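Asks: Next one to model:
(chains A, B, C and D)
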2 protein chains.
Amino acid sequence: MFAVFETYLSKQISITSSELNLIQTLCVEQKISKHRFILREGAICDKAIFIARGLVRLYRVDGEGNEHILRFAMENCWISDRESYLTGNPSNANIEAIEDSEVLAWKKEDFRFLLMQIPAFKQFMKNLVEKGQVDSQNRIYSVISTSAQEKYFQFMANHPGVFNRVPLHMVASYLGVSRETLSRIRRHSIGK
Amino acid sequence: MFAVFETYLSKQISITSSELNLIQTLCVEQKISKHRFILREGAICDKAIFIARGLVRLYRVDGEGNEHILRFAMENCWISDRESYLTGNPSNANIEAIEDSEVLAWKKEDFRFLLMQIPAFKQFMKNLVEKGQVDSQNRIYSVISTSAQEKYFQFMANHPGVFNRVPLHMVASYLGVSRETLSRIRRHSIGK
DNA sequence: CGATTCTTTGAAAACAGTCAATCTGTGTGG
DNA sequence: CCACACAGATTGACTGTTTTCAAAGAATCG
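Replies: Here you go, the predicted structure:
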């Protein structure tokens, strides 16, 4: 399973095999079957997690018990509740596998150690964070500036690898739209 | 004007006066009067900018000519179009002063140089980026999970320093709601 | 097959957007 | 000091979109 990560990282940065070894030494491999949780509300997110295979969602539950999906993450993505990870406070989010998945996890201290030891890796992760911020910005723009229909089209365009692997009601939850509305939008735009 | 920045930074990290000097050497001070632009769509955002005084907004214009505010930034905040800054591509956003403002600007290369020279400063900026990501996440959650009215209340709670300094229609633009709707929401919640 | 999950549909109600007109306050120039 | 222009806020009437609720119809999985 580590091979997936190795391939992923080698494609992005140049890294020696001894460095890769070090990374592997500190990582824990884990299989997460569908519907199982990687993180539950109230727990502290103290691991850096890489999805080697599968698909997960990160969501919060509001006061009425409704779930709102903040992120999907599939193979070759990192996932964590940044807030809990950074502050050390209990998380208000859940991370659940949508498909049977395989993940690699590093304890926070170990991960910090790796970043210190391997500057290229550190730089790479920094770039990822920055890209994430750009994505967030664009999502905010999409959410505040467009109709439900446009959001749906944009989602399909921006997440081709996700939208046909998750049930429609999860896309609705991600977009902040009711499932019925999204179902109707889809119906009316057949053929377009 | 640099004194504002000095105070700001000294409160956050421990830094020597020679380091502060270096930072000052490379920075350009600028006064931006109300309605003037710090960045215009199409230009490349190649500066790191710190607001010493005043208030600005970052917004994009959609296909129908409507403005959508992505961020407000007031004194002691950093502002830039991250996407353009990171990629070097022309920006699709505008940054405009809402009040007469004073800003400090560093050229991208100079700023990179400073971060290399002053590790504590680098670490500090990295933390800021991470906090920004947490904020973005929370804003996304707010936008996809709550009604216009709740968004308005949350905005007042989260941005006490902003909401009574900007016209209501800008708050509406930030929340992704029409100004009329926001006007009615406000009226109906007088006394609450 | 039976159970569960997911999707669709209809009808009503709530919500938000648009358009057009009016009102308010502020600041400017005569 | 007044008149005027201007930006911002409000209101009403109307339209359109989205949610909600309830029910029923696929699809999937064990």
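
Asks: so what's the backbone phi/psi at the residue nearest the centre of chain A?
Replies: Chain A has A:Ala73 as the residue nearest its centroid, 3.1 Å off, counting by Cα atoms, centre = their mean. Main-chain torsions, A:Ala73, degrees, to the nearest 10: phi -140, psi 130.

Asks: these two touch, right, A:Gln137 and B:Ser84?
Replies: No: counting by Cβ atoms under 8 Å, A:Gln137 does not reach B:Ser84; the two are 11.0 Å apart. The C-beta positions use only the backbone N, C-alpha and C, and glycine is treated the same way.

Asks: For chain A, what lies in contact range of DNA strand D?
Replies: Counting by Cβ under 7 Å from any atom of the strand, the residues of chain A close to DNA strand D are A:147-149, A:176-178, A:180-181, A:184-185.

Asks: what about 10 Å?
Replies: A:33-35, A:64, A:66, A:99-100, A:146-152, A:167, A:172, A:175-185, A:188 (Cβ under 10 Å from any atom of the strand).

Asks: Quick check: strands, which of these are part of them?
Replies: Within the residues of chain A next to DNA strand D, no residue falls in strands by DSSP state E.

Asks: can you tell me which of those are up against DNA strand C?
Replies: Checking those against DNA strand C (Cβ under 10 Å from any atom of the strand), the matches are A:34-35, A:147, A:167, A:172, A:178-185, A:188.

Asks: Can you select the buried ones among the residues you listed for me in PyMOL?
Replies: The buried subset of those, as determined by 16 or more other Cβ atoms under 10 Å in any protein chain shown, is captured in PyMOL by this line:
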select buried, chain A and resi 172+182+185
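
Asks: What are the buried residues along the helix or strand of chain A with the lowest mean pLDDT?
Replies: When the helices and strands of chain A are scored by mean pLDDT, DSSP states H and E, helix A:160-163 comes last with a mean of 92. In terms of neighbour count (16+ other Cβ under 10 Å), helix A:160-163 has its buried residues at A:162-163.

Asks: could I have that helix exported to CSV, CA atoms only?
Replies: The C-alpha trace of helix A:160-163 is given here as CSV (Å, rounded to 0.1, in the frame of the first residue of the first chain):
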residue,chain,number,x,y,z
PRO,A,160,-14.9,14.7,-12.4
GLY,A,161,-13.4,12.0,-10.3
VAL,A,162,-15.9,12.4,-7.5
PHE,A,163,-19.3,13.2,-8.8
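
Asks: near DNA strand C, which residues of chain A?
Replies: A:34-35, A:98, A:144, A:147, A:164, A:166-173, A:178-188, A:190.

Asks: ok, and of these, which contact chain B?
Replies: A:Ile144 (Cβ under 8 Å from any Cβ of the partner chain).

Asks: Show me the residues of chain A next to DNA strand C that map onto helices.
Replies: Secondary structure from DSSP state H places A:144, A:168-173, A:179-188 of the residues of chain A next to DNA strand C in helices.

Asks: For the residue nearest to the centre of chain A, give its distance to DNA strand D.
Replies: 21 Å (Cβ to the nearest atom of the strand, to the nearest Å).
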